[in-house]
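Colleague: Got a sequence here, can you build the structure:
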Amino acid sequence: MLQKYKKMGLAAAACTLLGVGAANAAVVVFTPTGGNIVSQSTNIYWDMLSNQVSTGFISGAPGGSNLSDHGDFHFDGGTFSITEGTIAFGGLIDASSAWTFGESNWFVGTTDYGGTMTPPATAFYGVRFLISGQTHYGWVNITEGVSDQSINSWGYESTPVTGILAGAGLSAVPEPTSVLGTAGLLASGLMIRRRKLGRVLG
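Modeller: Have a look, this model is predicted:
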C-alpha cells in the first residue's frame with residue numbers, strides 16, 4: 001500500500017487519506033518545457049490547458065492570466081479568479097475558498113499590493129476559470145525571486161465544479177514557503193503506517 005501512495009504522489013495520497021480522493025480523480029498537470037523564468041520587470045503568461053508560457057498574451061488561454069512585472073497576478077475578472085492569498089500544499093481549493101473575483105478585482109498581490117510572499121519564496125495559489133462556460137478549479141505554483149520570477153507548474157480538475165488540492169498530481173513535494181505542515185505530513189505517514197501494520201496484525 002505504501003508503494004501505491006508513493007506512486008500517487010503526496011498530494012493525491014493526502015486527498016485519498018482524507019476521503020476526498022474522488023475530487024482529484026481527473027487532475028491535469030502541466031510543467032512548462034522552458035522559458036518559464038523571467039526577470040522581475042517582465043510579465044509571464046501561462047495557459048491552464050497546456051504547458052505553454054510566454055512573455056506576451058497567449059491567444060485562447062482561459063482568463064488571459066499572468067504574473068505581472070510588479071509583484072502581482074493579473075487576470076480577466078470576468079472569467080478567471082485567483083485566491084486572495086497563498087494556499088498550503090494539500091489545501092482544498094473549491095467554491096468556499098477566499099476568491100478575488102469580478103471586474104473590480106482583477107489582480108491579487110504576490111509581493112506587492114499587500115501580497116503575502118517575501119522574496120525569495122515559492123508558493124501555491126488557487127485558481128478558478130471557465131472551460132466551455134463551466135467552472136473548473138486548479139492551482140498554480142510560482143516562485144518570486146529577488147531579481148526573477150517563474151511559473152513552475154499548474155494543474156486543474158477536469159471535472160467541472162469539483163474541488164482540487166493544491167499540488168494535486170505532482171509526483172513530489174515542491175519547496176514552497178506554504179506547504180502542508182510537518183504535523184500534517186507526519187499524520188499522513190502515521191495513517192499509512194497504521195493501515196499497513198493493521199493489515200499485518202489482522
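Colleague: What ranges in this protein fall below the confidence cut-off?
Modeller: Scanning the chain for pLDDT under 70 picks out the ranges 1-25, 63-64, 77, 101-105, 172-202.
Colleague: all strands of it, in order?
Modeller: Assigned by DSSP state E, the chain shows strands spanning 27-30, 37-39, 44-46, 53-54, 66-67, 72-74, 80-83, 92-93, 99-100, 107-109, 121-131, 134-144, 148-157, 164-165.
Colleague: Packing partners of the last one?
Modeller: This means strand 164-165. Applying 3 or more Cβ pairs under 8 Å, 6 or more residues apart in numbering; DSSP states H and E, we find strand 164-165 packed against helix 10-17, strand 92-93, strand 134-144, strand 148-157. Every C-beta, even on glycine, is put in place using the N, C-alpha and C of the backbone.
Colleague: Now with 10 Å, please.
Modeller: helix 10-17, strand 92-93, strand 121-131, strand 134-144, strand 148-157 (3 or more Cβ pairs under 10 Å, 6 or more residues apart in numbering; DSSP states H and E).
Colleague: looking at these, which is closest to I58?
Modeller: Closest to I58 of the helices and strands packed on strand 164-165, according to Cβ to Cβ: strand 148-157, at 11.7 Å.
Colleague: Give the other helices and strands that that closest one contacts.
Modeller: Counting contacts by 3+ Cβ pairs under 10 Å, 6+ apart, strand 148-157 packs against strand 27-30, strand 37-39, strand 44-46, strand 53-54, strand 66-67, strand 121-131, strand 134-144, strand 164-165.
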